[in-house]
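Trainee: Structure of the sequence below:
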Amino acid sequence: PTWIGMVFVVSFASCLDVAAISIDMGEALDTNRELATVGLCNFMSGLTFGFTGSYIFSQTIFTFRTGVHSRWIGVMIMAVFLYIVVSPVNVLQISPLFFLGSTLIFIGYDLMWEWLWEVREQVFLSEYGIVWLTFLAIHVVGIDAGIILGVLIAIVEQIVTTAQTSSVVQVDRRSRAVWTPADTKLLHDYGYSSIGGARIVTLEMHGTVFFGSSLSLLNSILQSIGLGADDFEIGSPGPVQGTTHTSSAVLTFDRKPSAISQISTQTPRPLTPPKFLVLDLSQITHLDASATRGTFLQLVKMCAKHDIVVCASGATPRIEWMFRSHGVSIEDLDDENAAKAKQLGQHQYQRSSSRSSQRSEECLDKILLFMTIHEALEFCENLLLHRLSRENRPPSLSLLDGPQERSLADVIAHMLGSDEAEQEILKQLDSTRYHDELDLRSGEHIFHRRTYPDS
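Mentor: So this is what the prediction gives:
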């Protein structure tokens, strides 16, 4: 333990000495070469049964500040030390011990004052706490265990600090593609308009993503796109899928407020989920395996349930390898290009009760990777224009032709393109009576002026 402790202390002290000398000189030093010099000297000292050591920082700075740059100063110091070693006279017996002791006490007092008090205005509060905890630990459990305990505390502080620096920011970005005036207006009104919720949302991610920040980062992303944990409960139908028309359930609530308590108790979310989510990963410095599955794999699975296409750009080769190896993105590049082409080539669209099953087959449960943010946005804009061109077609009434009698709920569901869940809600309205039939004779008064209605 003593040997391991000395190696640790000397290595740590040598690194600090090299950095301090470099700062005082104003020149860059070769740290690897300087540490190799210290290691070689300690190896030679150990072969001759000597003591371990490091740089004499004070003497090096003193020699530099006096303007002495000759190697002879080092030779002279070596000769003096060698004479002290081979001399039969004990230097400590003839030297004033009070002078040596007072010098050591002064150095210790000066270091304590600097690192336990004056440094408080130069470091963060958490780092200042680490200094004091390490100082107290050394006096309680010893120098070796105290330094190890201080290192462990510093590691925990680094993990907590790094987890707090990870952030997600929603930015206003558009591709560099040149569209026709009509397509540009569609993208402005439906793709990026804040009225009613933008269908293309771009999020810029910063910092280090690891196991300590994966959960908070996932919650931030879901909050930015209007999704929450309550949207993914087992058995819950989820929010109504966003289309160009108004949902039949929302239309019923707007026209008949009293029907809310009878039909549904769900409160609509204030933010409409987008149809495309673009992640800018160029500012992510590190990503580990736990965060890959805990953040991005969960995100793409949740978005797939809501028919949200997720794209990412700016991923480093390490992050791209993480995505493909953990199933977040398509593993093969050719398969990914085929999936992109398939998304752009889906022109057939049918409004029927089986639209939910078709949507689950069409939507991707993988993140599509792009080189730049503009390529990802251009892909989303192109796909959005294809969808808007299909959704803007008026529904045909041919399905309502025939001898079979259709209820009002069937007609509304067909015109709005409602899915099965919305049709079940509309069917509950068929049992509700909205009018009364009256038989009136010719000449009878329906109502008189200045009277109040019965309802």
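Trainee: For Leu116, the count of nearby residues, please.
Mentor: 13 (other Cβ atoms under 10 Å). Placement of C-beta: from N, CA and C, glycine included.
Trainee: Which residues are in contact with it?
Mentor: Leu116 is in contact with 131-132, 135, counting by Cβ atoms under 8 Å, 6 or more residues apart in numbering.
Trainee: any low-confidence regions in the stretch 251-400 of the chain?
Mentor: Counting by pLDDT under 70, the stretch 251-400 of the chain shows low-confidence ranges at 251-271, 345-363, 390-400.
Trainee: Just give the closest residue to Val309, not the sequence neighbours.
Mentor: Phe276 (5.1 Å; Cβ to Cβ, 6 or more residues apart in numbering).
Trainee: if we can go back for a sec, ok, of the contacts of Leu116, which one's closest to Ser313?
Mentor: Within the contacts of Leu116, the smallest distance to Ser313 is 42.0 Å, found for Val131 (Cβ to Cβ).
Trainee: Return the list of helices and strands in contact with the helix or strand containing the closest one.
Mentor: Secondary structure assignment for Val131, by DSSP states H and E: helix 125-141. For helix 125-141, the elements it packs on are helix 97-116, helix 143-165, judged by 3 or more Cβ pairs under 8 Å, 6 or more residues apart in numbering; DSSP states H and E.
Trainee: How about that helix, which residues are buried there?
Mentor: 128, 130-131, 133-134, 137-138 (16 or more other Cβ atoms under 10 Å).
Trainee: how much does that helix deviate in direction from helix 97-116?
Mentor: Angle, helix 125-141 to helix 97-116, by axes from the mean of the first three to the mean of the last three Cα atoms, to 10 degrees: 140 degrees.
Trainee: Report the rounded mean pLDDT for helix 125-141.
Mentor: Mean per-residue pLDDT for helix 125-141: 91.
Trainee: what sits up against that helix?
Mentor: 115-116, 119-120, 123, 145-147, 149-150, 153-154, 157, 160-161.
Trainee: ok, now with 10 Å
Mentor: With Cβ atoms under 10 Å, 6 or more residues apart in numbering as the test, helix 125-141 has contacts from 112, 115-117, 119-124, 143-154, 156-158, 160-161.
Trainee: Are any of the residues you listed buried, and if so which?
Mentor: 115, 144, 146-150, 153-154, 157.
Trainee: got those residues as a markdown table, with distance to Leu287 and pLDDT columns?
Mentor: Shown next, in a markdown table, are the buried ones among the contacts of helix 125-141 (distance: Cβ to Cβ, whole Å; pLDDT from 0 to 100):
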| residue | distance to Leu287 | pLDDT |
| --- | --- | --- |
| Trp115 | 36 | 84 |
| Asp144 | 35 | 85 |
| Gly146 | 34 | 90 |
| Ile147 | 31 | 87 |
| Ile148 | 29 | 90 |
| Leu149 | 30 | 92 |
| Gly150 | 29 | 91 |
| Ile153 | 26 | 91 |
| Ala154 | 23 | 89 |
| Glu157 | 21 | 85 |
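Trainee: Any chance of CSV for these, columns distance to Asn337?
Mentor: Converted to CSV, the buried ones among the contacts of helix 125-141 look like this (distance: Cβ to Cβ, whole Å):
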residue, distance to Asn337
Trp115, 58
Asp144, 57
Gly146, 57
Ile147, 54
Ile148, 52
Leu149, 53
Gly150, 52
Ile153, 49
Ala154, 46
Glu157, 45
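Trainee: Next, give me the two most distant ones among these.
Mentor: So, these by Cβ to Cβ: farthest apart are Asp144 and Glu157, at 20.7 Å.
Trainee: ok, and for the longest strand anywhere in the chain, which residues are buried?
Mentor: Scanning the chain for the strand with the most residues, using DSSP state E, yields strand 276-287. Using 16+ other Cβ under 10 Å as the test for burial, strand 276-287 gives 276-282, 284, 287.
Trainee: Just the pLDDT at the closest residue to Thr60 other than its chain neighbours, thanks.
Mentor: Nearest in space to Thr60, with sequence neighbours left out and distances taken as Cβ to Cβ, 6+ apart, is Ile21 at 5.7 Å. Ile21 is assigned a pLDDT of 82 by the prediction.
Trainee: give me the number of residues near Ile21?
Mentor: 17.
Trainee: my guess is it meets Phe64, correct?
Mentor: Yes: under the criterion of Cβ atoms under 10 Å, Ile21 makes contact with Phe64 at 7.9 Å.
Trainee: can you pull out the strands in this protein?
Mentor: 167-171, 200-209, 276-287, 309-313, 368-370.
Trainee: so how far is the fourth one from its chain's centroid?
Mentor: Right, the one you point to is strand 309-313. 14 Å (Cα atoms, centre = their mean, to the nearest Å).
Trainee: got a list of what Leu218 touches?
Mentor: Taking Cβ under 10 Å, 6+ apart as the test, what Leu218 contacts is 168, 209, 229, 291, 294-299, 302.
Trainee: okay, those in a markdown table with neighbour count next?
Mentor: Putting the contacts of Leu218 into a markdown table (neighbours: other Cβ atoms under 10 Å) gives the following:
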| residue | neighbour count |
| --- | --- |
| Val168 | 20 |
| Val209 | 27 |
| Ala229 | 10 |
| Ala291 | 24 |
| Gly294 | 19 |
| Thr295 | 26 |
| Phe296 | 27 |
| Leu297 | 20 |
| Gln298 | 17 |
| Leu299 | 22 |
| Met302 | 22 |
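Trainee: Now compare those and name the two farthest from each other.
Mentor: Among these, Val209 and Ala229 lie farthest apart (Cβ to Cβ), at 19.8 Å.
Trainee: Pick the one among the buried residues of strand 276-287 closest to Ser407.
Mentor: Comparing these against Ser407 with Cβ to Cβ picks out Phe276 as the nearest, at 36.4 Å.
Trainee: Throw the strands of the chain into JSON lines and include distance to His445, thanks.
Mentor: Shown next, in JSON lines, are the strands of the chain (distance: least, Cβ to Cβ, whole Å):
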{"stretch": "strand 167-171", "distance to His445": "62"}
{"stretch": "strand 200-209", "distance to His445": "59"}
{"stretch": "strand 276-287", "distance to His445": "60"}
{"stretch": "strand 309-313", "distance to His445": "62"}
{"stretch": "strand 368-370", "distance to His445": "69"}
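Trainee: looking at those strands, which is closest to Ile73?
Mentor: Here strand 276-287 is closest among the strands of the chain (Cβ to Cβ), at 44.3 Å.
Trainee: Now find how far off-centre the closest one is within its chain.
Mentor: Relative to its parent chain, strand 276-287 has a centroid offset of 8 Å by Cα atoms, centre = their mean.
Trainee: Direction included, what does it pair up with?
Mentor: Strand pairing for strand 276-287, using DSSP bridges, gives strand 200-209 (parallel), strand 309-313 (parallel).
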